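>>> Starting from these lines, generate the structure:
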Amino acid sequence: MKLKPVRSAWPNHLEMVARVGSPQYEAAVKSAGDSVLNSTVSTSTNLDNFGLLSQYELNSHIPTPEAIRALEELLESGERREEPLQVVLTQYPELLASTVVGGWKTFVIPKPRLGAEHVPDFLILGINSVGPQWLTVEIEGARHQILTKKGKLAQQTRHAIEQVEDWREWLTRNVSYTQIEKGYHGLTTRAPGLVIIGRDDPSAERQASRARTEEQARIAVHSWDWLLRGARNLSDHALYKTKFAIDNLNEQAGQQVVALPVSRASTFDELLAGDEDAEYNRFPW
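Numbers count the residues shown, from 1 in each chain. This next block holds a predicted model:
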């Protein structure tokens, strides 16, 4: 810099310029477009945006007795592998419906093939009056522990969390392709993640939430029993959603648009038996 006396300085703003038509220019335009999409929270409820995903739309988001029984029997059998669980959820995708708020439409997409080397087990989309609510799901076997005996995240839990993070990293560079060309409208790296692993251990699930970093905090860890309870509750009451789904919707909207009714009931059944049931009619399902 031509200053007297001569001294160095950092610019307040730096702009990178590439010649139009050059590979660098195309890459810069793509990167800028991906950055804009990733920083945007979609509030569009235009259902035409999701036409390419129609094959994954649930005919009913209510789990059937057959679906619930299939998951129950698999868990009770002591099945150690992940693959049979993937098969059951693919055959009965409504078992995952309680994890998003999809009053208008719900989509469950198993192993989405978007050209990524890191493929999530499921992508779930709930469309409601707030907009599209996306969720990335990774599953692990029911035999695995969530935490080690020392209270640290177990190896399989860490592995599943890392898979969600790897998928997000790929999406960072390919969000425009994912949304525009493949029809995953509104899906960004801001979408929360869910790891389903192990059997019921509420204390371990709470500890796991404290063991994660700020980035990992958007990835919840829950057991297969937690998912099964959600499916049972949804089967008993069509408006039921997990607290996990409601919290994610409120965070997406930037305000509390949904709140569970205040009640002294200790179970969901007790809650629905009272006058509080009317509260559900005001939810933006």
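
>>> quick one: low-confidence parts of the protein?
Counting by pLDDT under 70, the chain contains low-confidence ranges at 1-43, 116, 202-217, 255-285.

>>> Tell me which stretches of this structure form helices.
23-38, 65-76, 83-91, 155-176, 202-210, 224-236, 243-253, 268-273 (DSSP state H).

>>> what's the fourth one packed up against?
Packing contacts for helix 155-176, counted by 3 or more C-beta pairs under 8 Å, 6 or more residues apart in numbering; DSSP states H and E, involve helix 23-38, strand 131-139, strand 193-196, strand 219-222. Placement of C-beta: from N, CA and C, glycine included.

>>> Next, the angle helix 155-176 makes with the second one.
Same thing as strand 131-139. Here strand 131-139 runs at 140 degrees with respect to helix 155-176, directions being taken by axes from the mean of the first three to the mean of the last three C-alpha atoms, to 10 degrees.

>>> what's the angle from strand 131-139 to helix 224-236?
140 degrees.

>>> Return the set of buried residues in strand 131-139.
Neighbour counts over strand 131-139 (16 or more other C-beta atoms under 10 Å) mark 131-139 as buried.

>>> What angle do helix 243-253 and that strand make with each other?
Using the same axes, to 10 degrees: strand 131-139 against helix 243-253 is 130 degrees.

>>> partners of strand 131-139, with directions?
Paired neighbours of strand 131-139 in the sheet (DSSP bridges): strand 122-128 (antiparallel), strand 193-196 (parallel).

>>> Restrict it to CA atoms and write it as PDB.
Once non-C-alpha atoms are left out, strand 131-139 reads as follows in PDB (Å, rounded to 0.1, in the frame of the first residue of the first chain):
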ATOM      1  CA  GLY A 131     -43.000 -24.900   6.200                       C
ATOM      2  CA  PRO A 132     -41.000 -28.000   5.500                       C
ATOM      3  CA  GLN A 133     -39.400 -29.700   8.500                       C
ATOM      4  CA  TRP A 134     -36.500 -32.000   7.500                       C
ATOM      5  CA  LEU A 135     -34.800 -34.600   9.700                       C
ATOM      6  CA  THR A 136     -31.700 -36.800   9.100                       C
ATOM      7  CA  VAL A 137     -31.900 -40.200  10.800                       C
ATOM      8  CA  GLU A 138     -29.100 -42.700  11.400                       C
ATOM      9  CA  ILE A 139     -29.900 -46.100  13.000                       C
END
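
>>> quick one: that strand to helix 83-91, angle?
Angle of strand 131-139 versus helix 83-91, following the same axes, to 10 degrees, is 160 degrees.

>>> Pull the contacting residues for L228.
Counting by C-beta atoms under 8 Å, 6 or more residues apart in numbering, L228 makes contact with 68, 71-72, 75.

>>> May I see these arranged in a markdown table, with neighbour count and distance to V88 as well?
Shown next, in a markdown table, are the contacts of L228 (neighbours: other C-beta atoms under 10 Å; distance: C-beta to C-beta, whole Å):
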| residue | neighbour count | distance to V88 |
| --- | --- | --- |
| I68 | 18 | 10 |
| L71 | 20 | 6 |
| E72 | 13 | 10 |
| L75 | 19 | 10 |
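
>>> where's the spatially closest residue to L249 that is not a sequence neighbour relative to L234, distance?
Sequence neighbours aside, V101 is the residue nearest to L249 in space, at 4.9 Å (criterion: C-beta to C-beta, 6 or more residues apart in numbering). In this view, V101 and L234 are 12 Å apart by C-beta to C-beta, to the nearest Å.

>>> So for the two, which sits in the more crowded spot?
Remark: of V101 and L234, V101 carries more neighbours, 27 against 22, as counted by other C-beta atoms under 10 Å.

>>> May I ask you to confirm that that one is in contact with G126?
Yes. In this structure, V101 is within contact of G126 by C-beta atoms under 8 Å, at 5.0 Å.

>>> For the two, list the residues in contact with both.
Common contacts of V101 and G126 (C-beta under 8 Å, 6+ apart): 133, 245.

>>> P110: neighbouring residues, count only.
By other C-beta under 10 Å, 18 other residues sit near P110.
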